[in-house]
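Peer 1: the following comprises the amino acid sequence and a computationally predicted model.
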Amino acid sequence: MTKDIKKIALLTGGGDCPGLNAVIRAVTKSAILNYGYEVIGYKFGYRGLYNNDFIKLDLATVSGLVSKGGTILYSSNKDNLFDYTVEEDGKTVKKDVSDVAVENLKKEGVDVLIVIGGDGTLTSARDFSRKGVKVIGVPKTIDNDLGSTDITFGFNTAIDIATEALDRLHTTAESHHRIMILEVMGRNAGFIALESGIAGSASVIILPEIPYDINKIVQKIEERKRNGYLFTIIVVSEGAKPKDGEVVVAKIVSDSPDPIRLGGIGNKLAADLEKLVKDREVRCTVLGHLQRGGTTCTVDRILSTRYGVAAVELINEGKFGSMVCLKGNEVSYDSLENVIGNNKQVDPSGELVTIAKKTGISFAD
Ligand code: F6P
């Protein structure tokens, strides 16, 4: 048991994600009720740590947060303190300002920093750990692409929303005998498309991990027509690309450490398919940030609570420089050194792709 811990701080970084507030709540409650720690939360991720901008977190502040999407601490996916944009002599320059953050932690008497984030945010957490800061990570992302954990919180809410969207597209696709495409998020990992595609009964699932042949999609549409189904539902991941083509970039956010924002493959595919399937219309729906907003699903409320409590337990056990994770159904932890650089992708010959294929779903490969 770590006796010398009195005060802990939290921050949420990167894109927001359902379950962030549930983690903040679980950490705060568990830390206060079981160990009597004082808890503060930095606002806007690492930017708040740099500006020493924080709020006190107590039982009243976190009351009612288990279901609420977003983050009461706000977030930023632009503020890497190891490569931070500052004004110097009238010029904008990039600088390592991480020492300012370390000083701020000392000044406030913060003993441990809990960082809730995905790849980018946890990379900085690892780097702060290398500088001697006591850090614990909590794995967040709707994309489910972080290494060392079977699941990140937020993913289950995202696939519930994408599955509901596919259910809704089914009825309208059937009424008009249309080909309906749903573009979902996930960056370079196809987990959202794969799992929502299976649960939402898509006929074609297009993933970043399996470049597609458009003629195979047409074959599936024709096969369905021969079987009397005049509509087809396709789910495509934003990071997907044709066998002979490239990913579609929606936007470059130049001041972000990870500047590429994917998006647009759904509409490209719709336009390409309409040239090949002459007798029916093709429409695309881009689900976008709806996948991250609103209420947190039951599975994520529980997972976030497990992760939040586990993060406080790791503090008590003195296991700093690590991230809580889920292995099978067991909450565990791994070193941040192992987590970073080991992002996951869908295994094209894994169980879920196999069962999807065995139930007639095409991956257009
Ligand atoms: O990583 C989460 C995620 O929602 C991705 O699925 C998506 O590509 C990206 O973030 C979108 O980022 P932004 O919120 O900056 O548009």
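Peer 2: Structure's in. What do you need? Numbering: from 1, shown residues only.

Peer 1: please, which helix or strand holds Ala9?
Peer 2: strand 7-12 (DSSP states H and E).

Peer 1: now do whichever helix or strand comes after that strand: distance to the chain's middle.
Peer 2: Sequence order places helix 20-30 as the next helix or strand after strand 7-12, per DSSP H and E. Computed by CA atoms, centre = their mean, to the nearest Å, the chain-centroid distance of helix 20-30 equals 18 Å.

Peer 1: does the ligand have contacts with helix 20-30?
Peer 2: No: with CB under 6 Å from any ligand atom as the criterion, the ligand is not reached by helix 20-30; the gap is at least 12.2 Å. C-beta coordinates here come from the backbone N, C-alpha and C atoms, glycine included.

Peer 1: that helix vs strand 7-12, what angle?
Peer 2: 170 degrees (axes from the mean of the first three to the mean of the last three CA atoms, to 10 degrees).

Peer 1: returning to what we had before: would you mark the buried spots in the strand holding Ala9?
Peer 2: Neighbour counts over strand 7-12 (16 or more other CB atoms under 10 Å) mark 8-12 as buried.

Peer 1: just stretch 250-269 next, same as before
Peer 2: Buried, per 16+ other CB under 10 Å, within stretch 250-269: 256-258, 262-269.

Peer 1: equivalent analysis for stretch 89-109, please.
Peer 2: 97-98, 100-102, 104-105, 108.

Peer 1: what's the answer for stretch 330-341, then?
Peer 2: Buried residues in stretch 330-341 (16+ other CB under 10 Å): 331, 333-336, 339-340.

Peer 1: ok, the residue of the stretch 101-250 of the chain found nearest the ligand - contacts?
Peer 2: Closest residue of the stretch 101-250 of the chain to the ligand, CB to the nearest ligand atom: Met185 (3.1 Å). Met185 is in contact with 142-143, 158, 192, 237-238, 287-288, 291-292, counting by CB atoms under 8 Å, 6 or more residues apart in numbering.

Peer 1: output the below-cut-off pLDDT ranges for this protein.
Peer 2: 1-3 (pLDDT under 70).

Peer 1: the ligand contacts on that one?
Peer 2: 15, 77, 118, 141-143, 185-187, 238, 261-262, 292.

Peer 1: and if we set it to 8 Å?
Peer 2: Within the chain, the positions lying close to the ligand (CB under 8 Å from any ligand atom) are 14-17, 77, 118, 141-143, 145, 185-187, 192, 238-239, 251, 253, 256, 261-263, 289, 291-292.
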